[in-house]
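Following is a predicted model, sequence given first.
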Amino acid sequence: TALSVERYIAVVHPLKAKYVVTKNHAQKVILMVWIFSVICSIPNTSLHGIQTLYVPGWGVVPDSDTCTLVKSPLVYNLLIQVTTIIFFFIPMAVISVLYLLIGLQLRKEKLLEALEAKTGSRSDYHSVRLQQKKARRRQVTNMLFMLVVVFGICWAPFHTDRLVWSFVTHWTDQMQRMFQYVHILSGVFFYLSSAANPILYNLMSSRFREMFKDVMCHRRSQKWRSHKRSPSSLRTTVRSTVLEHVPGSHGLPLSDMEDNEGGPAGDNMAEREDPYL
């Protein structure tokens, strides 16, 4: 959810992103997320404990220690229902709305570019850049849709499992067998959700793949760049999800104003690249 908010600010409010989406801010957000996660795990942890099996007349059964619910089942069931709303339905609604707004912003930019293209104010170079940007926009739109779908698929079994446990009071043998399968499946899927985003980014975003290679092969990439660059041509790469609009860019994101070595004179500008595009 925090990443979704960052992407929303970067795309819809690029000028704010220049001051908000920073390394220092990201570190603070990560710390706050960890603290919030620890605090939210305390209630569930406090409801469980270790119980030892005791048989009247025999005493304590050796090696019978079991982690189980030690508080009222009503409190536990209420906690499950509340946390399902907080950690599934609300985040699902938030990321869906934010990604919808991002999609609308990208569509708005597309319409503006189409209008400018009709006026004939673009050179052949800018027409090529526009086609490239359209392809990246399609990547972003598809990726945002897939992120919402994957989030729902990965977390729905886990919360369904918990809700079934909290609402069902009478269990049949068939229900117990089905619940065991759902329980195992939900455990696999919510762990899988942690690894899904980087995989999706690499599969659906050519820009992210470039940045990923740059991070994984940092030294080799730097040597290649130092050999590739010339003193008169400098490209500034900022790892962020922001595509900043600047005055004089005809309403285009800064990613469209590359350090044009073969383009029209006067178009050399630093490019702010979006690793997700």
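Received, thanks.

When you work out contacts or count neighbours from here on, use the C-alpha atoms and nothing else.
Will do.

measure residue 215 to residue 140 for me?
According to CA to CA, to the nearest Å, residue 215 stands 21 Å off from residue 140.

just residue 115 next, same as before
Here residue 115 is placed at a distance of 21 Å from residue 140 (CA to CA).

Give me the more crowded residue out of those two.
Looking at residue 115 and residue 140 with other CA atoms under 10 Å, you find the greater number of neighbours at residue 140, namely 20 against 12.

Which helix or which strand is home to that one?
Per DSSP states H and E: residue 140 is located in helix 124-167.

just residue 110 next, same as before
Assigned by DSSP H and E, residue 110 falls in helix 90-119.

now the angle between helix 124-167 and that helix, please.
Calculated by axes from the mean of the first three to the mean of the last three CA atoms, to 10 degrees, helix 90-119 forms an angle of 160 degrees with helix 124-167.

How far away from the center of its chain is helix 90-119?
Mean C-alpha position of helix 90-119 versus that of the full chain (CA atoms, centre = their mean, to the nearest Å) differs by 17 Å.

By mean pLDDT, which helix or strand of the protein comes out lowest?
The helix or strand of the chain with the poorest confidence is helix 218-228; it has a mean of 55 (mean pLDDT, DSSP states H and E).

quick one: low-confidence parts of the stretch 151-277 of the chain?
Within the stretch 151-277 of the chain, the set of residues satisfying pLDDT under 70 comprises 218-277.

switch the cut-off to 90
Within the stretch 151-277 of the chain, the stretches with pLDDT under 90 are 151-152, 160-188, 190-277.

Hmm, residue 8 and residue 102 touching each other?
Yes - with the criterion set as CA atoms under 8 Å, residue 102 and residue 8 qualify as a contacting pair; they are 6.0 Å apart.

Break down the stretch 151-277 of the chain into its helices, ranges please.
Assignment of helices within the stretch 151-277 of the chain using DSSP state H, counting those that start in this stretch yields the ranges 173-204, 206-216, 218-228.

Checking the residue at the greatest distance from the centre of the chain next. Helix, strand or coil?
No residue in the chain has its C-alpha farther from the mean C-alpha position than residue 57, which lies at 57.2 Å (CA atoms, centre = their mean). On the three-state scheme (DSSP: H, G, I helix; E, B strand; the rest coil), residue 57 is labelled coil.

Could I get the phi/psi values of it?
Note on residue 57: backbone dihedrals following degrees, to the nearest 10 are phi 90, psi -20.

how close does residue 168 sit to residue 51?
Applying CA to CA, the value for residue 168 to residue 51 is 24 Å.

out of those two, which sits in the busier spot?
Each of residue 168 and residue 51 had its neighbours counted (other CA under 10 Å), and the higher figure belongs to residue 51 (13 against 9).

What's opposite the more buried one in the beta bridge?
Listed by DSSP bridges, the beta-bridge partners for residue 51 are residue 66.

what residues are up against it?
By CA atoms under 8 Å, 6 or more residues apart in numbering, the contact set of residue 51 is 65, 66, 67, 68.

ok, of those, which come out buried?
When the contacts of residue 51 are checked for burial by 16 or more other CA atoms under 10 Å, the buried set is empty.

so for the host helix or strand of residue 37, what's the average pLDDT?
Here residue 37 sits within helix 23-46, counting by DSSP H and E. Here helix 23-46 scores 88 as its mean pLDDT.

Could you list the residues in contact with that helix?
Surrounding helix 23-46, the residues in contact under the criterion CA under 8 Å, 6+ apart are 2, 76, 79.

Of those, select the buried ones using a PyMOL command.
A single PyMOL command selects the buried members of the contacts of helix 23-46 (16+ other CA under 10 Å):
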select buried, resi 76
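
which of the contacts of helix 23-46 lies closest to residue 94?
residue 2 (10.1 Å; CA to CA).

what's the helix or strand for residue 68?
Per DSSP H and E: residue 68 is located in strand 66-69.

For that strand, give me every contacting residue.
Contacts for strand 66-69 (CA under 8 Å, 6+ apart): 47, 48, 49, 50, 51, 52.

so which of those residues comes closest to residue 84?
residue 47 (16.6 Å).
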